[in-house]
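# coords please:
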Amino acid sequence: MNASVETARLLLRPLKADDLPFLAPIWADPDVMRYIGAGDTCDDERSRELLGHLIAHWEDHGFGLWAVVPKAEQVPVGWAGLAVPTFLPAVLPAVEAGWLLARSHWGRGYATEAALASLGFGFDELGLERIISVIYPANAASIRVAEKLGMTPCGNEEHPRTGAGLRIFERFARPG
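Residues are numbered from 1 along each chain as shown. Here you go, the predicted model:
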């Protein structure tokens with residue numbers, strides 16, 4: 001199984017420690033992090049911890065979030081991919097498709113392009129039958145991405161740390 005995927009405009013590859021200087025400023029941006037986890041930004045120490053956790057997810061599960069690298073830029077501008085949403089036990093067992101991009105790269109279609117590749121990887125390479133996305137109801141941009149991916153709402157949950165409402169979207173593997 002190839003852990004990297006190329007799309008028309010993006011290289012999606014496993015995260016690595018060398019990505020920290022590119023990702024830490026993204027994770028420090030309150031607009032970017034508003035709908036991620038509990039909405040907290042990351043300082044340098046927390047960014048190192050988060051990146052270590054994301055790299056370990058690959059080692060533990062054989063899949064994870066990729067660095068999103070536009071081919072024209074050659075540096076990561078965010079993440080997209082698949083993860084086990086352990087923060088939300090109510091949806092387990094599940095695999096979640098997620099995406100996060102630097103604000104400077106919003107509105108270019110990268111999230112949809114990367115997330116579509118993530119679904120293809122999950123269904124075709126990993127043999128998953130169902131993939132979910134956990135999205136804050138106020139995150140209209142991510143809801144649009146989920147809808148473009150053919151995901152449909154399938155329930156609501158509460159964030160275990162904050163009590164905030166979350167919408168769960170799902171998509172099933174293609175038939176045949």
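# quick one: buried residues of the longest helix seen in the chain?
In the chain, ranked by residue count with DSSP state H as the criterion, the top helix is helix 44-61. Across helix 44-61, burial judged by 16 or more other C-beta atoms under 10 Å covers S47, L50, L51, L54, I55, H57, W58. C-betas here are computed from N, CA, C, even on glycine.
# adjacent strands (with direction) for the helix or strand just after that helix?
Following helix 44-61 in sequence order, the next helix or strand is strand 65-70 (DSSP states H and E). Strand pairing for strand 65-70, using DSSP bridges, gives strand 10-14 (antiparallel), strand 78-83 (antiparallel).
# export strand 65-70 as CSV, just CAs?
The C-alpha trace of strand 65-70 is given here as CSV (Å, rounded to 0.1, in the frame of the first residue of the first chain):
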residue,chain,number,x,y,z
LEU,A,65,-3.8,12.6,8.3
TRP,A,66,-1.6,13.6,5.4
ALA,A,67,0.4,16.8,4.9
VAL,A,68,-1.4,18.7,2.1
VAL,A,69,1.3,20.0,-0.2
PRO,A,70,0.3,22.0,-3.3
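# run the chain-centre distance for it.
Offset of strand 65-70 from its chain centre (C-alpha atoms, centre = their mean, to the nearest Å): 10 Å.
# what is the mean pLDDT for it?
Strand 65-70 carries an average pLDDT of 98.
# angle of it against helix 44-61?
110 degrees (axes from the mean of the first three to the mean of the last three C-alpha atoms, to 10 degrees).
# can you name the residues in contact with strand 65-70?
By C-beta atoms under 8 Å, 6 or more residues apart in numbering, the residues outside strand 65-70 that reach it are 4-5, 9-16, 19, 23, 54, 57, 75-83, 98-99, 101, 105, 110, 114, 118.
# which among the buried residues of helix 44-61 gets closest to D40?
Relative to D40, the closest of the buried residues of helix 44-61 is L50; by C-beta to C-beta it sits at 10.3 Å.
# OK, contacts around the closest one?
By C-beta under 8 Å, 6+ apart, the residues touching L50 are W27, C42.
# find me the pLDDT at it, would you?
Looking at L50, its pLDDT is 96.
# D44 against P25, yeah?
No: using C-beta atoms under 8 Å, D44 makes no contact with P25, being 10.1 Å away.
# about what we covered before: report the buried members of the contacts of strand 65-70.
Buried, going by 16+ other C-beta under 10 Å: 5, 10-15, 19, 23, 54, 57, 76-83, 98-99, 101, 105, 110, 114, 118, out of the contacts of strand 65-70.
# tell me the SS of I132?
Here I132 is recorded as strand under DSSP: H, G, I helix; E, B strand; the rest coil.
# how far away is it from I168?
6 Å (C-beta to C-beta, to the nearest Å).
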